[in-house]
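Visitor: next comes the sequence, and after it the predicted model I'd like to discuss.
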Amino acid sequence: MVLGMRTARRTVGLITALALAAAACSAETGGADDRLVLAETQPLGGFNPLTGYGELGVSPLYEGLYRPEAPSDDRVPDLRPALAASAPERIAPRTWRIALRDGVTFSDGSAFDAADVVATYRAARDEKVAADIATHVAPVEDVTAEGPRTVVVRTATDGEPTPYLLLGIVPSERVEARAASAWALNREPVGTGPYRLESLATDQAVLVARTDRPGAQIPAVRRIVYTLVPDDNARAQRVRAGEVDGALLPPRLAASLDGRDGVRSVTVKSADWRGVSLPAGNPFTADPAARRAMNLGVDRAGIVSGVLAGAGEPASTPYSSVYGAAYDAGARFAFDAGAARRTLDDAGWAAGPDGIRTRGGDRAAFDLLYPAADSVRRDLAVAFAAAMKPLGIVVTPQGSSWDDIERRTGDAAILLGGGETPFSIDSQGYDALHTRLPDSSPYSNPGDFTAPGLDGLLDRARELSAGPEKDGLYRQVQAAYTAQPSAVFLVHLHHTYAVRSGGWSTPAPILEPHSHGVTWGPWWNLTAWRR
């Protein structure tokens, strides 16, 4: 039905695109002064919002109904209309009407309307699509069209829906009734954003600025070249040599380039946490007393200064001070190795002749897995293992593949990261702290541990609108978790980048999620770059 209704306007849009193509060609090409070359760490492709690309409204290719805006990275951004024409209007309990912008076109020349919003969000909930972001937008229960320029959004919570309406919108005709990982959009993206994909190869993707967006200013950066450089040191060398204009780098490596050969380092705050998940299948990590002892026995501030070269903050929970009144500064673990030892002693974990603790034949020992290619997680794993050794706990770090790691969630600890959707406090910690749900990721609280009453607090808090009551519940969440922790949160990362400015004036970065790289950092809003 959607296809039939939309054939005529799609045809008009395509004819308009053809008429503009010749004039746009030279403008899109640009020269060396209008081009950025950025080193990417992950395989190129996967340009599909349903698999996580551009899910927070930050993307050169796509736009969501709303987008984040902030003057700096030290607070949660405001969420402003993008494809929406205005803020949501509450028309009934948990029901919102949203007017859409007129005159918007996709990069294939077709027109944007309500059917595209409906198709995108329904695909996100479709089990056949198996969208990676399904749990992130789960509070959006349904989206329906009221004509071509209005949608009605029904939510599962009382709070404003804008944090769940950042997802990049795709044309309804591009939605497929199969797994999103197999969609054509992964390699042939079609969005309403300021750029379109010109070419894609194994080691390079080229985006060009669109000149066919009515009323929109053409970006001064006309061409973006993403080049695949997985190795940290190779990226650093290419930035210093002037072969690329910017890259994400580990903190120490980024700092080593600062001020050399026209390169500066940029540090951006994030809600991206790193921590150690603990398995239920190991008798030691299954003991609540052992989990508390490990939290007391790690020097988080020392890890920030040592492993991260200061580019981060200690984390005892997934929540940081950016959440204002909902943040409980007292819900943290102060480093106290003596208290950690006493906790283990009281729980019956006694040190043997070799210094390793045992109880009833069970050893205080476990493997700690991390993705082998991630040098920061490797260093954090090694630092955590070193902190546990004086307590009589043997932690063996092992670099592995994600496939192998997923197979061992029941018996091994994992150096995990999170904070994928930090613009809502409801999303920031729910999956990490709540007991597992049927559609949970295998990395959402792998041990399935909880503290007394914690699930209920999380469920009640996410139901409420913003305000003092919600803030108070989240402070209770943090207090309940620190009384009986399920994991060992270590740090909130600050993302670090090496940049060659090239004479550009750029907007300040904003608070970043777990997902980062050269779509974020100084490049999160390329349309605002000026010479």
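Guide: That came through fine.
Visitor: from the rest of the structure, what touches stretch 315-332?
Guide: 74-76, 269, 271, 273-275, 295, 300, 313-314, 333, 418-419, 422, 425, 428-429, 432-433, 468, 470-471, 474-475, 477-479, 481-482, 489-492, 511 (CB atoms under 8 Å, 6 or more residues apart in numbering). Every residue, glycine included, has its C-beta placed from N, CA and C.
Visitor: what's the burial count for the closest residue in space to Val229 that isn't next to it in sequence?
Guide: Leaving aside its sequence neighbours, Val229 sits nearest to Ala39 (CB to CB, 6 or more residues apart in numbering; 4.2 Å). Ala39 has 26 neighbours, counted by other CB atoms under 10 Å.
Visitor: what about the helix or strand harbouring Ala39, distance to the chain center?
Guide: Using DSSP states H and E, Ala39 falls within strand 35-40. Averaging C-alpha positions (CA atoms, centre = their mean, to the nearest Å) puts strand 35-40 21 Å from its chain's average.
Visitor: flag every buried residue along whichever helix or strand comes after that strand.
Guide: Sequence-wise, the next helix or strand downstream of strand 35-40 (DSSP H and E) is strand 66-69. Burial within strand 66-69, assessed by neighbour count using 16 or more other CB atoms under 10 Å, is assigned to Tyr66, Arg67, Pro68.
Visitor: got the contact list for strand 66-69?
Guide: Contacts to strand 66-69, defined as CB under 8 Å, 6+ apart, come from residues 56-58, 77-82, 84, 162, 165-166, 423, 510-511.
Visitor: surely Leu185 meets Phe47?
Guide: Yes - using CB atoms under 8 Å, Leu185 is in contact with Phe47, at 6.6 Å.
Visitor: quick one: contacts for the spatially closest residue to Gly447 that is not a sequence neighbour?
Guide: Of all residues not flanking Gly447 in the chain, Ala280 sits nearest, at 4.5 Å (CB to CB, 6+ apart). Ala280 makes contacts with Ala286, Gly410, Pro446, Gly447, Asp448, Phe449, as judged by CB under 8 Å, 6+ apart.
Visitor: mind checking how far Ala280 is from Pro318?
Guide: Ala280 is 20 Å from Pro318, where distance means CB to CB, to the nearest Å.
Visitor: just to revisit the earlier point, helix/strand/coil for the residue nearest to Gly447?
Guide: Three-state assignment for Ala280 (DSSP: H, G, I helix; E, B strand; the rest coil): coil.
Visitor: mind listing the helices for this protein?
Guide: Remark: helices assigned in the chain by DSSP state H are 2-29, 114-125, 232-240, 251-257, 288-296, 300-306, 337-346, 375-388, 402-407, 425-433, 454-463, 468-483.
Visitor: now mean neighbour count, mean pLDDT and distance to Arg94 too, for those helices, in a markdown table please.
Guide: Listed next are the helices of the chain as a markdown table, based on neighbours: other CB atoms under 10 Å; pLDDT from 0 to 100; distance: least, CB to CB, whole Å:
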| stretch | mean neighbour count | mean pLDDT | distance to Arg94 |
| --- | --- | --- | --- |
| helix 2-29 | 13 | 42 | 25 |
| helix 114-125 | 22 | 97 | 15 |
| helix 232-240 | 19 | 96 | 46 |
| helix 251-257 | 20 | 94 | 43 |
| helix 288-296 | 22 | 98 | 36 |
| helix 300-306 | 17 | 97 | 39 |
| helix 337-346 | 17 | 98 | 44 |
| helix 375-388 | 21 | 97 | 39 |
| helix 402-407 | 14 | 95 | 35 |
| helix 425-433 | 24 | 93 | 14 |
| helix 454-463 | 18 | 95 | 10 |
| helix 468-483 | 19 | 97 | 15 |
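Visitor: if we ignore the residues flanking it in sequence, what's nearest Leu197?
Guide: Pro189 (5.4 Å).
Visitor: for this protein, give me the ranges with low pLDDT.
Guide: Counting by pLDDT under 70, the chain has low-confidence residues at 1-32.
Visitor: JSON lines for the buried residues of strand 66-69, including distance to Ile405?
Guide: Listed next are these as JSON lines, based on distance: CB to CB, whole Å:
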{"residue": "Tyr66", "distance to Ile405": "34"}
{"residue": "Arg67", "distance to Ile405": "33"}
{"residue": "Pro68", "distance to Ile405": "31"}
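Visitor: out of those, who's nearest Asp113?
Guide: Distance to Asp113 across the buried residues of strand 66-69 (CB to CB) is lowest for Tyr66, with 17.3 Å.
Visitor: who does the closest one bridge with?
Guide: Pro81 (DSSP bridges).
Visitor: now do the contacts for the nearest residue to Val376 once chain neighbours are set aside.
Guide: In space, and not counting its chain neighbours, Val376 is closest to Pro250: 5.4 Å by CB to CB, 6+ apart. Going by CB under 8 Å, 6+ apart, Pro250 touches Asp232, Ser375, Val376, Thr496.
Visitor: for the first one, what are its contacts?
Guide: So that's Asp232. Leu249, Pro250, Leu253, Ser375.
Visitor: how about TSV for those, with distance to Arg260 added?
Guide: Shown next, in TSV, are these (distance: CB to CB, whole Å):
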residue	distance to Arg260
Leu249	13
Pro250	16
Leu253	12
Ser375	21
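Visitor: so which residues make contact with stretch 90-106?
Guide: 13, 16-17, 65, 81, 83-86, 88-89, 111-114, 117, 146, 148-158, 160-161, 165, 171, 190-192, 212-215.
Visitor: what subset of these is buried?
Guide: Neighbour-count burial within the contacts of stretch 90-106 applies to 13, 16-17, 65, 81, 83-84, 88, 111-114, 117, 148, 150-155, 157, 160-161, 165, 171, 190-192, 212-213; the criterion is 16+ other CB under 10 Å.
Visitor: just give me the neighbour total for Arg222.
Guide: Arg222 has 20 neighbours, counted by other CB under 10 Å.
Visitor: look up how far Trp529 lies from it.
Guide: Plainly put, Arg222 is 11 Å away from Trp529 if you go by CB to CB.
Visitor: check Asp439 too.
Guide: Applying CB to CB to Asp439 and Trp529 gives a distance of 39 Å.
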